[in-house]
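A.B. asks: fold the stuff below for me.
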Amino acid sequence: MVGCGRSGTSLAAGMLAETGYDPGRDVLAPDPGGPTGFFESRDVNRINERLLAPHDAGFLHTGGYSRPLRDGERWLAVLPADRETGRAPAELRAAMRTARPSSPYCCKDPRFAYTLPSWRPLFAGALFMCVFRHPLATARSIAGAVRYGDLSVSADAALELWKAVYARVLGRHRHDADWVFVHYEQLLDGSAVPRLCDALGATLDSGLAKRELYRHAPDGAPPPGSEEIYSELCALAGHAQ
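C.D. replies: So this is what the prediction gives:
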């Protein structure tokens, strides 16, 4: 599962986990920012951090970060569009094989937008799901919820992150393998559930979706630079803007 942080990926992964899809070992615990859980494996996260660590010097920093990102925080990184992540180094491949759960599984991490090429050999035959929401809602959620001690991220920097993630999904990933695109609103109102059931061949329960947890509704048009990306995502999801 691919998507920018704070975009609804946890809700989608939770629906799959409720149906029996394995998110992996040692999953992140719920917290106030994700009260129903994140359904992310720490093993997968650690591997993705190691895959991204060599690119630290190439991350784009727009001045919206209170300090440089540290280990464990690279899901907030903006990787330039021309930066290739490539294959996983040999010393990580065994750990990756161990971290991937047995089928049926749902591997979810915002970092997959950048590291997916390294995992492709292990995800052969998988259905890829891209979850997204309005760029303003995502940016405000990141700016409001992300606090790692002295690290804060501005809404402008979070918007650059949103654009980097989904431009890479649309430009690099979606033409390889089978993909399904889902807007966060479609998870909340249940309209995506029949389509996901058909795509997965499984019965999903939308009971995990709780409108009261929807804290950052958009109140404007997508900002410049995000309009075309958002329009394409909505078209692929069959979501009216």
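A.B. asks: tell me which stretches of the chain form strands.
C.D. replies: 127-132, 178-183 (DSSP state E).
A.B. asks: tell me the most buried of these?
C.D. replies: For these, average neighbour numbers computed from mean count of other Cβ atoms under 10 Å are highest in strand 127-132, which has a mean of 23. The way it works is simple: take the backbone N, C-alpha and C, and place the C-beta from them, glycine included.
A.B. asks: same for that strand, what does it pack against?
C.D. replies: With contacts defined as 3 or more Cβ pairs under 8 Å, 6 or more residues apart in numbering; DSSP states H and E, strand 127-132 has these neighbours: helix 9-19, strand 178-183, helix 184-188, helix 193-200, helix 227-237.
A.B. asks: which stretches of this structure have low pLDDT?
C.D. replies: Under the criterion of pLDDT under 70, the regions of the chain flagged as low confidence span 62, 206-219.
A.B. asks: if we ignore the residues flanking it in sequence, what's nearest R120?
C.D. replies: Once its chain neighbours are removed from consideration, R120 has its nearest residue in D176; the separation is 7.5 Å (Cβ to Cβ, 6 or more residues apart in numbering).
A.B. asks: can you count the residues close to the one you found?
C.D. replies: If you count neighbours by other Cβ atoms under 10 Å, D176 ends up with 11.
A.B. asks: can you check the one 10 residues further on too?
C.D. replies: Counted with other Cβ under 10 Å, the neighbours of Q186 add up to 22.
A.B. asks: for it, which non-adjacent residue is closest in space?
C.D. replies: In space, not counting the residues next to it along the chain, Q186 is nearest to A192; the distance is 3.6 Å by Cβ to Cβ, 6+ apart.
A.B. asks: ok, that neighbour touching Y184?
C.D. replies: No. At 9.3 Å, A192 and Y184 do not qualify as touching, with contact defined as Cβ atoms under 8 Å.
A.B. asks: more neighbours, these two?
C.D. replies: Neighbours around A192 and Y184, counted as other Cβ under 10 Å, are more numerous at A192. The numbers are 28 against 25.
A.B. asks: run through who's touching stretch 138-145.
C.D. replies: Around stretch 138-145, the neighbours that count as contacts under Cβ atoms under 8 Å, 6 or more residues apart in numbering are 4-7, 33, 76, 132, 152-159, 161-162, 215-216.
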